[in-house]
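K.L.:
need coordinates for the below:
(chains A and B)
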There are 2 protein chains.
Amino acid sequence: MTAEIVSVGTELLLGDTVDTNAAALGRVFAASGLAHYHRQTVGDNPTRLREALELAFARSDLVVTIGGLGPTSDDITREVVAQTLGLELIEDSGILERLKAMFRSRGRAWVETNAKQAQRPAEAAILDNPNGTAPGLYIPVGDKVAILMPGPPSEFLPMLENEVAPILARLGSGQVIASRVLRLVGIGESQVEADLGDLMDGSNPSLAPYAKTWEVHLRLTAHADTRSGALALIAPLEAEVRERLGEHIYGVDDEELEDVVVDLLTRRNETLAVAESCTGGGLGERLTRVSGSGEAFLGGVISYANTAKINLLGVVPEDLAEYGAVSEQVAREMARGARERLHATYGIGITGVAGPGGGTAEKPVGLVWIGVSGPEGTHAVEHRFGGQRQTVRARSQTAALTMLWRVLRG
Amino acid sequence: MTAEIVSVGTELLLGDTVDTNAAALGRVFAASGLAHYHRQTVGDNPTRLREALELAFARSDLVVTIGGLGPTSDDITREVVAQTLGLELIEDSGILERLKAMFRSRGRAWVETNAKQAQRPAEAAILDNPNGTAPGLYIPVGDKVAILMPGPPSEFLPMLENEVAPILARLGSGQVIASRVLRLVGIGESQVEADLGDLMDGSNPSLAPYAKTWEVHLRLTAHADTRSGALALIAPLEAEVRERLGEHIYGVDDEELEDVVVDLLTRRNETLAVAESCTGGGLGERLTRVSGSGEAFLGGVISYANTAKINLLGVVPEDLAEYGAVSEQVAREMARGARERLHATYGIGITGVAGPGGGTAEKPVGLVWIGVSGPEGTHAVEHRFGGQRQTVRARSQTAALTMLWRVLRG
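P.N.:
Sure, this is the predicted structure:
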């Protein structure tokens, strides 16, 4: 079965929005064994959208549209798909009730333009959208299928995972592509290439590295008649990679470093507190993305100003004066202070120069000291990160998590 | 003049690569006054690429391909474009020499497959690629133009800026498209549509709303012979929008809410401290994205555990027991505690149920209390956000910044 994406939105053509949704959907097509040969992107224009849909239905069995389901007048996908397929739209009273209830529960006034989001072809099945107003639609037409999905990624991605992926798995047939991603920290992409170069020539299974922010991801991909067949092709390649670079592999597939750290802490019945200067709360934010992190992560201090370091963490004012805020001494005191004030098993302290201002010859932009304090004592490591403000901050978070991960892994 | 992008690469369809190049090129099309109605994405397949190119040349004056210019056997764009346009490829001795010199200077052995990157139609002009091996090509054919660009962003983006943007500015009819984005908080997309619907029918200038996470962005776009002419068309529309919804407009173009809040605080010589539970440090992270935020933002406490609320913020244990951690009382005490402990002008306290677990009938997932404490006193507001964990957390941050923005604006 062939699948095609039609991404709808003038903002995509203007370049205001990057089409991350289509990439995510492409990955699910591949995982489902759906052949995916074309993607089209058109603006919020009924004539051009109709032409794109006609072309898509002429050459592909399954057409998934992304975007244009909202309440405003430039949201035209529902109507144009119905016209193109010769289907009539009816008002779905169930959707309408749910919409009105949603407005009530959020204390927002009902506006009549929202009612168009309750329209659907009689043939259509509803795809739940708990994160927004417009539901998705699944429309079978003869031997073709149309699926309509909303554009905001916060609505699109959960709908893809929960509603659409199972449908695509059912529709897909034949050769299944399976992938497995090994996630590495503490090693650069060129070193990975040097260590694994001889494994990267294969095509089934294949091995490809992707450089991320202070991580490297290795994608192992294979195809076979079944998913388990494809995975069986991947297994020996994974074993060889683990043999060579296992000490750097912290997780697989969607596992983030914070997931692994929170999981290790929870299983060890241990806790963590943080003290963040240049990252400004970003490490805490990352740790608390993990749902259920509250057992292991107690919180911490955003010690952006020196008064916060002194008042809330007990950093010694004389050390701040003598060594400066970005120093081994202060990173250690921050880590220890967070650990002690929150009675945590471990404390992390991050202090650095994120830039673009604030750098000196002695302490340039990118200099970051990270301390970890635990039952075995306190140590700190100096980093000199490249990149701009946000990159330095992101790398600092990952480096801090990596330090703790190494301690926890033993 | 109409322009169209054909992005080439199986990795785009598989979703391994997100097409950021096409977005960047779309922005340059818009700035050059080129009408941009279609984008196609195809894999490394000669037949389908040829079909895509035929469609593109049939409906567009300028076709820019991205990707498929490299040395390997799946790099087919150069050959297929030449076939589609009926042009012959010749070997360019200048390119070939440059390629061989590049290999020598990097100490890499010359591999004969690289020679195909030196091929071009006789009609083509070379677009320099100092960051990679394959040059770009500019090919005029009758009244149409083809431009071929490499896929790696590290090669594509510099070539876009240095070689292609000047060409596009010249090809653009002289008509320049200018846009201005007004950024609103505290109002939903459908309410914006209800208030401004009559203004959304125009085409020059045009007005379109985009729903963001708890924000609405309004894009005002116009085209004219000059940028100032286009901006002059936008000005009266902007004035009318401001007349109707000015109280919700916090910024324009790329200004983020945190930029505006930090700027207001800095200009007023005032300071801010935060106390974050369900957002886990995310508000601090957002505020410290603003470079130079250290004057206004002092830091705060990530009070994920109740011990952190009590020890670091002075929240009264009896209030936690009586009202619960997610309550008006505790949000107020958190805001006040952050303000007092850090001697800040303002304190913000955020406590809520981000989910997916932890909700009850009385305190469901999405319930968030936000307190703001300042010289005029302390108040707290209840929110009931929809969406999943990350959405609830992001909305909480924006709502907190909105509350403070309203206080600061007076």
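
K.L.:
contacts, neighbours, all on C-alpha from now
P.N.:
Fine.

K.L.:
list the buried residues in the lengthiest helix in chain A.
P.N.:
Ranked by residue count, the top helix of chain A under DSSP state H comes out as helix A:389-409. Applying a neighbour-count criterion of 16 or more other C-alpha atoms under 10 Å in any protein chain shown, the buried positions in helix A:389-409 are A:389-405.

K.L.:
what of stretch A:98-106?
P.N.:
In stretch A:98-106, residues buried by neighbour count (16+ other C-alpha under 10 Å) are A:Leu99, A:Lys100, A:Met102.

K.L.:
now, among those, which is nearest to chain B?
P.N.:
Distances from the buried residues of stretch A:98-106 to chain B were compared by C-alpha to the nearest C-alpha; the smallest belongs to A:Met102, at 8.5 Å.

K.L.:
can you pull the contacts of that closest one?
P.N.:
If you count contacts by C-alpha atoms under 8 Å, 6 or more residues apart in numbering or on different chains, A:Met102 has them with A:Thr133.

K.L.:
which of the helices or strands spans it?
P.N.:
Element membership for A:Met102, per DSSP states H and E: helix A:93-105.

K.L.:
show me the contact partners of stretch A:87-98.
P.N.:
Applying C-alpha under 8 Å, 6+ apart, the contact partners of stretch A:87-98 are A:Glu79, A:Ala82, A:Ala115, A:Lys116, A:Gln117, A:Ala118, A:Gln119, A:Arg120, A:Pro121, A:Ala122, A:Pro135.

K.L.:
what's near enough to touch the closest residue to chain B within the stretch 151-300 of chain A?
P.N.:
Using C-alpha to the nearest C-alpha, A:Gly281 is the residue of the stretch 151-300 of chain A that sits closest to chain B, at 4.0 Å. When the contact criterion is C-alpha under 8 Å, 6+ apart, the partners of A:Gly281 are A:Val301, A:Ile302, B:Gly280, B:Gly281, B:Gly282, B:Leu283, B:Gly284, B:Glu285, B:Ile302.

K.L.:
excluding sequence neighbours, find me the nearest residue to it.
P.N.:
Nearest-residue entry for A:Gly281: B:Gly281, 4.0 Å, with adjacent residues in sequence omitted and distances by C-alpha to C-alpha, 6 or more residues apart in numbering or on different chains.

K.L.:
now A:Arg106
P.N.:
Of all residues beyond its chain neighbours, the one nearest A:Arg106 is B:Arg384 (5.8 Å), with distances taken as C-alpha to C-alpha, 6+ apart.

K.L.:
A:Glu247: how many residues sit nearby?
P.N.:
When neighbours are defined as other C-alpha atoms under 10 Å in any protein chain shown, A:Glu247 has 12 of them.

K.L.:
just A:Ala178 next, same as before
P.N.:
24.

K.L.:
quickly check: the helix or strand that contains it near chain B or not.
P.N.:
Secondary structure assigned from DSSP H and E places A:Ala178 in strand A:176-185. No. Strand A:176-185 stays out of contact with chain B when judged by C-alpha under 8 Å from any C-alpha of the partner chain, the minimum separation being 10.2 Å.

K.L.:
okay, now the sheet partners of that strand, with direction.
P.N.:
Here strand A:176-185 has these sheet partners by DSSP bridges: strand A:215-224 (antiparallel), strand A:249-252 (antiparallel).

K.L.:
model confidence score at A:Gly371, please.
P.N.:
According to the per-residue confidence, A:Gly371 scores 98 in pLDDT.

K.L.:
if it is in a bridge, with which residues?
P.N.:
The partner list for A:Gly371 in beta bridges (DSSP bridges) reads A:Gly349, A:Ala380.

K.L.:
will you turn the buried residues of stretch A:98-106 into TSV that also has pLDDT and distance to B:Arg267?
P.N.:
As requested, the buried residues of stretch A:98-106 are exported to TSV (pLDDT from 0 to 100; distance: C-alpha to C-alpha, whole Å):
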residue	pLDDT	distance to B:Arg267
A:Leu99	92	43
A:Lys100	93	43
A:Met102	88	40
